[in-house]
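Enquirer: Predicted coordinates and the sequence they were generated for:
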Amino acid sequence: MISKEAIVKEIEKLPPHLLEEVADYIDFIKYKEKKNKNFEIDDITLASEESLAKDWLRPEEDEAWKDL
């Protein structure tokens, strides 16, 4: 495994015009990691939506939530 210090040294060797590309790639990696973490939650939410909607669409539910 490469160390953080080794990566920093490599970045320091880069010409300035490539630093923006490195920053973009770091942003992409962070986005991808966040998306992967949220994927499982979104999957569960979408999978349960149809079965829960049967209860949500009942008149009793509308009555219970009307004051909120």
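Expert: Everything's here; your move.
Enquirer: which helix is the longest one in this protein?
Expert: Secondary structure of the chain read by DSSP state H shows that its longest helix is helix 16-56.
Enquirer: For it, give the mean pLDDT please.
Expert: The average pLDDT for helix 16-56 rounds to 81.
Enquirer: How far off centre is it?
Expert: From the chain centre to the centre of helix 16-56 is a distance of 3 Å (Cα atoms, centre = their mean, to the nearest Å).
Enquirer: Show me the contact partners of whichever helix or strand comes after it.
Expert: On the C-terminal side of helix 16-56, the closest following helix or strand by DSSP states H and E is helix 59-65. The contact list for helix 59-65 (Cβ atoms under 8 Å, 6 or more residues apart in numbering) reads residue 55. In this view, the C-beta of every residue, glycine as well, is placed from N, C-alpha and C.
Enquirer: which stretch of helix or strand covers residue 9?
Expert: Following DSSP H and E, one finds residue 9 within helix 4-13.
Enquirer: any idea how far residue 43 is from the most centrally placed residue in the chain?
Expert: The centroid of the chain falls nearest to residue 35 when counting by Cα atoms, centre = their mean (2.9 Å). As for residue 35, its distance to residue 43 is 12 Å (criterion: Cβ to Cβ, to the nearest Å).
Enquirer: Cool, thanks, signing off.
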